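[1] Compute the structure for the input listed below.
(one chain, ligands or ions: 3)
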Amino acid sequence: MAVSALDIDGSQVERLILELGAIGAHGGTGVWRTVYSPEWVEANALLARWFEGAGLAVRQDAVGNLWGRLPGSEGGKSIVSGSHVDTQRPGGRYDGALGILAAFVAVKALRERFGQPKRTLEVVSLCEEEGSRFPTANFWGSSAITGRTRAQDVDTVVDFDGVRIADAMRQVGLDPGRIGEAVRDDIAAFIELHIEQGPILEAAGLPVAIVEAITGMRHTEVCLTGVQNHAGAFPMDLRNDPMAGFAEIASGLIDTAHRMGRPAVTTIGRCTVAPNAGAVIPQSVTFTIDARHPDLDKRRHLYATHDALMREVAQRRGLGLESRVLFNHEPRLSAPHLVALLKGAAGELDIPTLTMASGAGHDSQQMAEIADFAMIFVRSKDGRSHTPEEFSSIEDIVAGIRVLASALHKLAY
Ligand code: HGY
Ligand code: MN
Ligand code: MN
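    Ligands and ions are numbered 1, 2, ... in the order given. Below you'll find the model as predicted:
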């Protein structure tokens, strides 16, 4: 029987989205669910019940990734699908969560219709991707699987309240000394379904995209320091004002990306002023730079232009300049054979798609270290994400899941 006959029940998918999205619900449609939080524990417990109920063998690995395994009759390396369970603060119901649910629904439907696969199929809920609690955790779940996480990271990765990730792990019953046990070397392919988080599919009037590349991205934290002084009595021409420097730098950084044109992007999403008082010339301004480009040379140009701009402004205004790179990820290309497989599956299902690069970072970018990867994007309403307003229609989601299920069937049965 063709996979096209697979019945993916949209109302069941919607129920799963709403039930998982209720854990950490924040305001109307927002979700606030950071790694190792009580909401994170509750979400993984719900997923474990669902995985178990669908006949998958459930286990949690050393960093808290949750795996649902459907063993294959012929052994060999696994075919894995999933995404991350943590969210921005707040995020929406779809970023990450949808990829876990899509993998679960697809593998459950395949098992019910076709029984045991030849190749082992695994669904994974990755513990942390967003960096929303621990800014330097960067893809903590998939990095542990690929062996990129170093033993000492458990003590140096700290959240915004000063809690070490090692202590947060212990609070949920995980042993930070065992993170090396999360490493996998038996994954042949990783396919991640994710919301697009941008406006391309909506502009094209299409429900689904196949991702052929993921952008390179760098997060930097910068601290400009000046001389704190009285806002009224101290003359403008004598000031070492870090806010004046920040204003010039922020505008220059963002304008650099704008002038380079798509897909170059630069965002300043966090900014802290000290002492943050209305009648005080600040002592310091600390801010983050999120800069991205999928092309290696253009990324280097973007970052070099940024660094030169900051040095010039700081020097001219007599400001201290300290910066630290929080993370830096190279762009990654999807495996061409998986892109072709996904395109073929969509074609057989008469689901129109386009291929595109991802401006967002994803766990797939990490899994590329140990496995072939490709991604399926589902249209985002108004191209929005990293906001409680993010939304994708059940119709588009079911289309994406059908492409995923067909690809998993071709790979594993
Ligand atoms: O920032 C990103 O691209 C991802 O959503 N964390
Ligand atoms: Mn995501
Ligand atoms: Mn995200």
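[2] Residues of the stretch 251-400 of the chain that sit close to ligand 1?
    Residues of the stretch 251-400 of the chain found near ligand 1 (C-beta under 6 Å from any ligand atom) are 360, 361. Where C-beta positions appear, they are placed from N, C-alpha and C, glycine not excepted.
[3] Going by proximity to ligand 1, name the top residue of the stretch 101-250 of the chain.
    residue 130 (4.8 Å; C-beta to the nearest ligand atom).
[4] tell me the secondary structure for that residue?
    Classification of residue 130 using DSSP: H, G, I helix; E, B strand; the rest coil returns coil.
[5] okay, the residue of the chain lying at maximal distance from its centre: pLDDT?
    Distance from the C-alpha centroid of the chain peaks at residue 233, with 47.5 Å (C-alpha atoms, centre = their mean). For residue 233, the pLDDT comes out at 97.
[6] cool, and residue 296?
    In this model, residue 296 is scored at 87, pLDDT.
[7] What of residue 4?
    For residue 4, the pLDDT comes out at 65.
[8] unless I'm mixing things up, residue 116 is touching residue 70, no?
    Yes - here residue 116 reaches residue 70: they are 7.4 Å apart, a contact under C-beta atoms under 8 Å.
[9] what do those two both touch?
    Contact criterion C-beta atoms under 8 Å, 6 or more residues apart in numbering; residues shared by residue 116 and residue 70: none found.
[10] When these two are compared, which one has more neighbours?
    residue 70 (25 against 14; other C-beta atoms under 10 Å).
[11] so the more buried one touches residue 106, yeah?
    No - in this structure residue 70 lies outside contact range of residue 106 using C-beta under 8 Å: 10.9 Å.
[12] List the residues that are in contact with both of the two.
    By C-beta under 8 Å, 6+ apart, no residue touches both residue 70 and residue 106.
[13] helix, strand or coil for residue 148?
    Under three-state DSSP, residue 148 comes out as coil.
[14] before we move on, back to that, check the burial of the residue of the stretch 101-250 of the chain closest to ligand 1 by counting its neighbours.
    So residue 130, with other C-beta under 10 Å, has 24 neighbours.
[15] give me every residue that touches it.
    Each residue near residue 130 by C-beta under 8 Å, 6+ apart is listed here: 34, 84, 86, 87, 88, 91, 95, 96.
[16] same question, residue 378
    Under the criterion of C-beta under 8 Å, 6+ apart, the neighbours of residue 378 are 98, 193-196, 201, 207-208, 392, 396-397, 399-400.
[17] One more pass at 10 Å, please.
    Neighbour list for residue 378: 94, 98-99, 102, 193-197, 201, 207-209, 392-393, 395-401, 403-404 [criterion: C-beta atoms under 10 Å, 6 or more residues apart in numbering].
[18] Please list the members of these that lie in strands.
    Among these, the residues falling in strands (DSSP state E) are 193, 194, 195, 208, 209.
[19] In stretch 29-46, which residues are buried?
    Residues of stretch 29-46 classed as buried: 29-37, 39-41, 43-44, 46 (neighbour count, 16 or more other C-beta atoms under 10 Å).
[20] before we move on, what about stretch 264-272?
    Going by neighbour count (16+ other C-beta under 10 Å), the buried part of stretch 264-272 is 264, 265, 266, 268.
[21] Tell me the residues of this protein that contact ligand 2?
    Within the chain, the positions near ligand 2 by C-beta under 5 Å from the ion are 95, 96.
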